[in-house]
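S.K.: here is a sequence with its predicted model. Questions after.
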Amino acid sequence: MNIRTYTAAKMAEALAMVKRDLGPQAVILHTRTFKRGGLLGLGSRGVVEITATDSPSMRRTRRRASRTATTHVAAGNLIRNTYAPRGVPPRTASTAVAHHGSAEPIAIVNRSAPSISASTVPVAAPATSSPSLNVDSVTGPAHDQLAEEVSSVKRMVARMMRQQRQRRVRAGGKPDLPDKLFNQYLRLLEQEVTEELAEQIIQQVHDLLDSEQLQDEQTVRRAVMERVARLIPTVGGEELLAARVGNRPKTVALIGPTGVGKTTTIAKLAANFKLKQKKNVALITIDTYRIAAVDQLRTYANIIGVPLHVVASPQQLTSALRKCIGCDVVLIDTAGRSQADQTKLDQLAEFIAAAEPHEVHLVLSSTCTQTVLLDTIARFSKIQTDRIIFTKLDEAVTFGVLFNVSRKVNKRLSFLTTGQDVPYHIEPSRSERIAAMVLGEGP
């Protein structure tokens, strides 16, 4: 695979170079334009950079050509690594440098291996830069060569991503980060922590630790984890205890969109309050839209040994609460509402107003994207929410979204669920625990 980078003062000129060198069927992998030179943005010149590869037919033609070659080093600071499979002489590598007026040199690099210099290659998305190759479908001597090429492509992509992110840090006016600290920065980004939050944390740790401490990986990791934990708002353990408030039982309502696990979560809470805290618990459900949900909760209520009241209107809800006046805690399960269905959300708001709960917990699935979660929170904002419960952590791929969302909406996290088992897979939210997950430790 030939990957070549062209830098020119004009897009048309760069495209002409691509066609001349790789043919009209060349595949454009990435383009970008940027400014170079000048002082404080004045006098800078526009530069166009194109990364392209040859077409499959050109590659087949090249494979039939001779593989004997020499290696040339590009002018200036461009350093090229020559790739050669085991037992195969290196292919031809050539470098041409051209000038266009006062613009920067135009570097054209022809190489058959994906070993790319950081000084001329723009950072493209991994899915675009790396081809899909099935190594197992190749046998014989070609297998080792193809496997080596695939491995080289992966190293190239990782290097390109690292260089892109390092440039972002430098562009922000920050000094080059020590390797141990930069590794933690990459880890935060891999967990989908926003760049703004990641850079804020890393800069704080950089300012906090001295040069010797920044060379110790465990010290750096611990410092990053502590900074993340400080930024995650959680509810203290005492606030999560079930206890009467005045002459009323503590009343807690769970709301949220469909499919996030509200019914299972409320059963876990009831079991913990009843079995661990030895409290007198009652359940109320207004989820009369799904018969299966009522049957499920009734089964849980019978196993735990708590009463269940099924209501269909705000008036029935008020009546059911009067029947629970002697309890320590009342848990209200609500029907799932699509965040796009404003009518159903208005109906839910009427139920919540009738219940007058001490706490309303918005239940969110950690498997959703940040955009979906923020949209859900915005849609449910008509109902005053006190806490957030994140469910399905065992199904989540990354955990940075928990961090991003909690910071964005400034709502304290109350509980996390990590599986389906009742009453076990639920735990109070602890900032240290979430910080560990954000840094790559699973639930």
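M.R.: Alright, I've got the coordinates. Numbers count the residues shown, from 1 in each chain.
S.K.: for Asp21, the count of nearby residues, please.
M.R.: Using other CB atoms under 10 Å, Asp21 has 16 other residues around it. From N, CA and C alone the C-beta is placed, and that goes for glycine too.
S.K.: what about it, distance to Thr53?
M.R.: Note on Asp21: its distance to Thr53, by CB to CB, to the nearest Å, is 11 Å.
S.K.: same check, this time on Gly259
M.R.: From Gly259 to Thr53 the distance is 43 Å (CB to CB).
S.K.: could you do Ser429 as well?
M.R.: 48 Å.
S.K.: going by residue numbers, what spans are strands in the stretch 251-400 of the chain?
M.R.: Secondary structure of the stretch 251-400 of the chain (DSSP state E, counting those that start in this stretch): strands located at 281-285, 308-310, 329-333, 359-365, 387-391.
S.K.: Val220 is nearest to which of the ones you listed?
M.R.: Taking CB to CB, strand 387-391 is the member of the strands of the stretch 251-400 of the chain nearest to Val220, at 27.1 Å.
S.K.: okay, now the domains of this protein?
M.R.: Split into domains by automatic domain parsing, the chain comes to 3-123, 174-230, 237-438.
S.K.: could you export these as TSV, including mean pLDDT?
M.R.: Below are the domains of the chain laid out as TSV (pLDDT from 0 to 100):
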stretch	mean pLDDT
domain 3-123	53
domain 174-230	89
domain 237-438	88
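S.K.: ok so, going back, neighbour count winner among Gly259 and Thr53?
M.R.: Thr53 (20 against 13).
S.K.: and that one, how far from Lys10?
M.R.: 22 Å.
S.K.: cool, Gln213 as well?
M.R.: 49 Å.
S.K.: counting neighbours, go ahead and name the busier of the two.
M.R.: Set side by side, Gln213 and Lys10 show more neighbours around Gln213, with 16 against 13, by other CB under 10 Å.
S.K.: and that one, what does it touch?
M.R.: Thr219, Val220, Ala223 (CB atoms under 8 Å, 6 or more residues apart in numbering).
S.K.: Thr33 now?
M.R.: Met11, Gly46, Val47, Val48, Glu49.
S.K.: the residue nearest to Lys323 when sequence neighbours are not counted pairs with what?
M.R.: Nearest residue to Lys323, sequence neighbours excluded (CB to CB, 6 or more residues apart in numbering): His309, at 6.7 Å. With DSSP bridges as the criterion, His309 is bridged to Ile284.
S.K.: show me the beta-bridge partners of Lys250.
M.R.: For Lys250, the beta-bridge partners are Val329 (DSSP bridges).
S.K.: how near is it to His358?
M.R.: From Lys250 to His358 the distance is 6 Å (CB to CB).
S.K.: the more surrounded of these two?
M.R.: Lys250 (21 against 16).
S.K.: my guess is that one contacts Arg244. True?
M.R.: Yes - contact criterion CB atoms under 8 Å: Lys250 and Arg244 qualify, at 6.2 Å.
S.K.: joint contacts of these two?
M.R.: Asp328, Val329.
S.K.: if we can go back for a sec, got a quick PyMOL command for the buried subset of the contacts of Thr33?
M.R.: Selection of buried members from those for PyMOL, criterion 16 or more other CB atoms under 10 Å:
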select buried, resi 47+48+49
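S.K.: which among the contacts of Thr33 gets closest to Gln316?
M.R.: Glu49 (67.2 Å).
S.K.: need the three-state assignment for that closest one.
M.R.: Assigned state for Glu49: strand (three-state reduction, DSSP: H, G, I helix; E, B strand; the rest coil).
S.K.: and the residue nearest to Lys323, what is it in contact with?
M.R.: Ala282, Leu283, Ile284, Thr285, Ala320, Lys323, Cys324.
S.K.: residues in contact with the residue lying closest to the second one once chain neighbours are set aside?
M.R.: The one in question is Leu283. Excluding its sequence neighbours, the residue lying closest to Leu283 (CB to CB, 6+ apart) is Leu308, at 4.6 Å. By CB under 8 Å, 6+ apart, the residues touching Leu308 are Ala282, Leu283, Ile284, Thr285, Leu297, Arg298, Ala301.
S.K.: now, of those, which are buried?
M.R.: Counted by 16+ other CB under 10 Å, the contacts of Leu308 give Ala282, Leu283, Ile284, Thr285, Leu297, Ala301 as buried.
S.K.: farthest-separated two in those residues?
M.R.: Ala282 and Leu297 (12.1 Å).
S.K.: please enumerate the helices of the stretch 251-400 of the chain.
M.R.: For the stretch 251-400 of the chain, the helices defined by DSSP state H, counting those that start in this stretch cover 262-271, 291-304, 314-323, 342-355, 370-379, 400-409.
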